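Participant: Please find the sequence and the predicted model below.
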Protein chains: 2
Amino acid sequence: MARVMIRDCSVLLVPDAGECGVAERQDILIENGVITGVVPTGTTTEALGGADPTGGTARTGAEGATGAAGVAGHVEAGAWEVIDATGLLAVPGLTNAHTHSPMVMMRGAAEDVSIDDWFNRRIWPMEVNLTPERVQVGARLACAEMLLGGTTTFVDHYFHADRIAAAALECGIRADIAPTFFSSTGDAGREAAFDAARAVRESDRAGRGHGHPRVTASLGPHATYTVTEDDLARTVRVAGDEGFRIHLHAAETEEQTRASVERLGATPVEVLERTGVLGEDVLVAHGCGITEADLPLLARHSASTAVACCPKVYLKLAMGPTTPVKALWEAGVAVGVGTDGAAVHNTLDVWESLRLLALTQKQREGDAEWMTLSQTLRLATRGGAAAAGLAGVTGAIEPGLRADVVLVDLSGPHHQPVHDPMAALVYSTRASDVITVLVDGEVVVRDRCPTKVDLAETVAHARALARELVDLSAGGAVQRYDP
Amino acid sequence: MARVMIRDCSVLLVPDAGECGVAERQDILIENGVITGVVPTGTTTEALGGADPTGGTARTGAEGATGAAGVAGHVEAGAWEVIDATGLLAVPGLTNAHTHSPMVMMRGAAEDVSIDDWFNRRIWPMEVNLTPERVQVGARLACAEMLLGGTTTFVDHYFHADRIAAAALECGIRADIAPTFFSSTGDAGREAAFDAARAVRESDRAGRGHGHPRVTASLGPHATYTVTEDDLARTVRVAGDEGFRIHLHAAETEEQTRASVERLGATPVEVLERTGVLGEDVLVAHGCGITEADLPLLARHSASTAVACCPKVYLKLAMGPTTPVKALWEAGVAVGVGTDGAAVHNTLDVWESLRLLALTQKQREGDAEWMTLSQTLRLATRGGAAAAGLAGVTGAIEPGLRADVVLVDLSGPHHQPVHDPMAALVYSTRASDVITVLVDGEVVVRDRCPTKVDLAETVAHARALARELVDLSAGGAVQRYDP
């Protein structure tokens, strides 16, 4: 049995409702990937039924050390890995609730363009160049960037999804991956995407025997404006028959909503309702164009519906108002925060996204007292877990949940003095403040280095393949944006 | 004569107008704090008239080394310090165009509150606790944070300004400092603030003999809503007689503008005009409430007027629309970007501010093609220099300007692959990517450490004094917010 103790940290407590808080001087006990205890430092021995996992000796350094412990009581004999986290703040791993991870390969290649040009003159023409290798190399870089920044789960929607799954498993990050399809690729394209979802689901063989797989799959129709209602209905059938969730783009802007009403006689949310997508477990990316009239529909399906908000993208592409988080919460819908792809967001930094979410929600509501520190931190952790289909699996540091834990250093001059650690997390933490990251109790970042992939090699490989990926000389495009 | 060569870097070129660019493999030559050449690597010897400042030997590491060189031609004999910048991007030092640096002491102590409560229930009551020591300790921490993040100039507006000047000189950063006053403190308060400006101006004795002082002073009436028109007129007289610039808050929100019209029968800009403030060299903080009708007034005085935009603050306090940068530029007014104080901005990270400026300007104009990479980078460098009264002194890497240079590392996974280094600077650079910083050709940050102050001691000192500063038990307030 694998046992890890994170010793002497502060812990961010994220309850289901109400104020978050910070408990100081805690030990986090982890057994077989699951958090089994969060106890005051010095009482660990008691919690373990009399055994001291440190062997009575203090460990120093962030390196961790294997404690030799013959442990009695409810804990069976076995070695403990002890991570000294003195002075660090343990935070639930963040979830990137909507991204296209391999698009890091296009970072900075589509700047200062309208949303139409972004799709039609840059990204969709570039995606003609996608190959399985380029996707896997990009996804590996993306996983490294996300883990280094304290993101322990990402929710992806892209092509060659099996390669994204492979990259996630290599890096040790948690992921839900939806293979993208457009109706323009016909029955064959749609069925191939469904098959890809099945393959992704099968890919984490080890994980399935270990409590919960680290990689899961969703079905990935691209959007209500690129997938027909027939294909959405077919997606619903497969989801129902085989127990998949659905992840798609809908109501990305108010303009898309207007166009949908004009073309289809229904808002994107109404399309989701009449095709049965609402009713399945569904993650809607963006939803900035959700209308007042859509809210009762969403409320009716709130237990199975989540929305991902990616605020940097709405600003950068001048898309208009951001996701109506307040109204969605009032309708009972879970909300997570995402980066979207780095071809528009430039980073996969969820700290940046959650900060922008808080700032732009205050702006949207005209209320500086709204989207508080506690609301923001809950959205980025528990909300993200819900968006990933992982409510009750991860999203907080408490017994019974998987041990996805991030150790953050608030000692830097940009944080000090710390009057409020939650304010530091929301408004001044940088990805570079993350020291150590665990997923499923496994140390995947130690001393700011990924432990399972070679970072320099990962970067070099991506650089070597990136130029060909953004080369537009071949012509063509994978799709046309005309919502 | 002090001579420094930054060897083999890429250089961000920021022309007065048009597209910025990046020149690869350049050497930057610096003599007595002034940039004397930017030449392709390998041609330095020629530029120096035949002498090789590296002594013909490659230097490695970011440490720098003193080259032994008997230099001929237009360069006289003397030792060169060589900084190996292979693989790094040299960027003009950023300017924080509006801040209250000692407010780092209140970081995180006023969260999720309205602008009224922020002033009246948090900040102005806390400022009763200001002492010269607390201000200097806070300013020192602020200077360290700014330098570490690549900000080489800051424009301050606060109390105990002499102590801020002292901290700036200790740390080696460039600063313009305006001693704040309210009319509520009477003639004595106003005259004391003018005297403080005179003292700040005198404080950089060494700098005045060295081409340009590193610390300058402005006059600092707080705002059009806290300073009477008589006091503004008196400020104008002192400015004119003694050659000071004026730095004040005005038209911070549309609501303030409405209130000004109601109370004074004039917009804040009209008040500035009729009191003669427009006409002097003036920096206006915020200006979000500038009206269409104000623009011709500003245009008439555009050569002597600048505006500082601090976008994170407008979002966080739900202040409404941001500064109308496009209209100001069309009126010929210079614009810089600032953080404002860390009691609302939480960091003094100008990368964060310039990114938010680009994003929120795109949003404000509804135009993703506006506030381009080049426009944003020019605003944060040349625009900041203009806001600080330093146009022609700093703000770009070109011969004749002071050598305020920042070396940025774009090798991190959050930047790679780099299709466009300007996109990396605007949309993915973190303060922690800054490796080396020079002000006036002096290395003030080396390998991510301030060279002139002890960082750990600076942080510890601030922590020790911070709790008493935010203690509200004494009661009272320095001013009341009621614009």
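Facilitator: Alright, I've got the coordinates.
Participant: Which residues lie in contact with the one residue in the stretch 151-300 of chain A that gets nearest to chain B in this structure?
Facilitator: The minimum distance from the stretch 151-300 of chain A to chain B, using CB to the nearest CB, falls at A:Glu255 (10.9 Å). C-beta here means a position set from N, CA and C on the backbone, and glycine is covered the same way. Applying CB atoms under 8 Å, 6 or more residues apart in numbering or on different chains to A:Glu255 gives the contacts A:289, A:320, A:483.
Participant: Next SSE downstream of the helix or strand hosting it?
Facilitator: Here A:Glu255 sits within helix A:254-264, counting by DSSP states H and E. Using DSSP H and E, the helix or strand that follows helix A:254-264 in sequence is helix A:268-274.
Participant: So which bits of that next one are buried?
Facilitator: Going by neighbour count (16 or more other CB atoms under 10 Å in any protein chain shown), the buried part of helix A:268-274 is A:268-273.
Participant: Mind giving me the packing neighbours of it?
Facilitator: Secondary-structure packing of helix A:268-274 (3 or more CB pairs under 8 Å, 6 or more residues apart in numbering or on different chains; DSSP states H and E): helix A:229-242, strand A:245-250, helix A:254-264, helix A:295-300.
Participant: Packing partners of the second one?
Facilitator: In other words, strand A:245-250. Packed next to strand A:245-250, using 3+ CB pairs under 8 Å, 6+ apart, are strand A:151-158, strand A:174-181, strand A:215-221, helix A:229-242, helix A:268-274, strand A:282-286.
Participant: Stretch A:301-312 near chain B at all?
Facilitator: Yes - with CB under 8 Å from any CB of the partner chain as the measure, stretch A:301-312 is seen reaching chain B through A:Lys312.
Participant: Report the rounded mean pLDDT for that stretch.
Facilitator: In this model, stretch A:301-312 has an average pLDDT of 98.
Participant: The helix holding A:Glu255: how far from the chain's middle?
Facilitator: Counting by CA atoms, centre = their mean, to the nearest Å, helix A:254-264 is centred 29 Å from the centre of its parent chain.
Participant: again, but for stretch A:242-258
Facilitator: 17 Å.
Participant: can you give me the mean pLDDT across that stretch?
Facilitator: pLDDT averaged over stretch A:242-258 gives 98.
Participant: now swap in stretch A:87-101 and tell me
Facilitator: pLDDT averaged over stretch A:87-101 gives 98.
Participant: Just the terminal-to-terminal distance for that stretch.
Facilitator: One end of stretch A:87-101 to the other measures 32 Å (CA to CA, to the nearest Å).
Participant: Also stretch A:90-106?
Facilitator: End-to-end distance of stretch A:90-106 (CA to CA): 33 Å.
Participant: Ok, stretch A:18-37 next?
Facilitator: For stretch A:18-37, the first-to-last residue distance is 22 Å (CA to CA).
Participant: chain center to that stretch, what's the gap?
Facilitator: Chain-centre distance of stretch A:18-37: 21 Å, with CA atoms, centre = their mean.
Participant: For that stretch, which residues meet the burial criterion?
Facilitator: Buried residues in stretch A:18-37, counted by 16+ other CB under 10 Å: A:20, A:22, A:26-31, A:33-37.
Participant: circling back to that earlier point, burial-wise, tell me which of the helices and strands packed on helix A:268-274 comes out on top.
Facilitator: Greatest average neighbour count among the helices and strands packed on helix A:268-274 goes to strand A:245-250 (a mean of 26), per mean count of other CB atoms under 10 Å in any protein chain shown.
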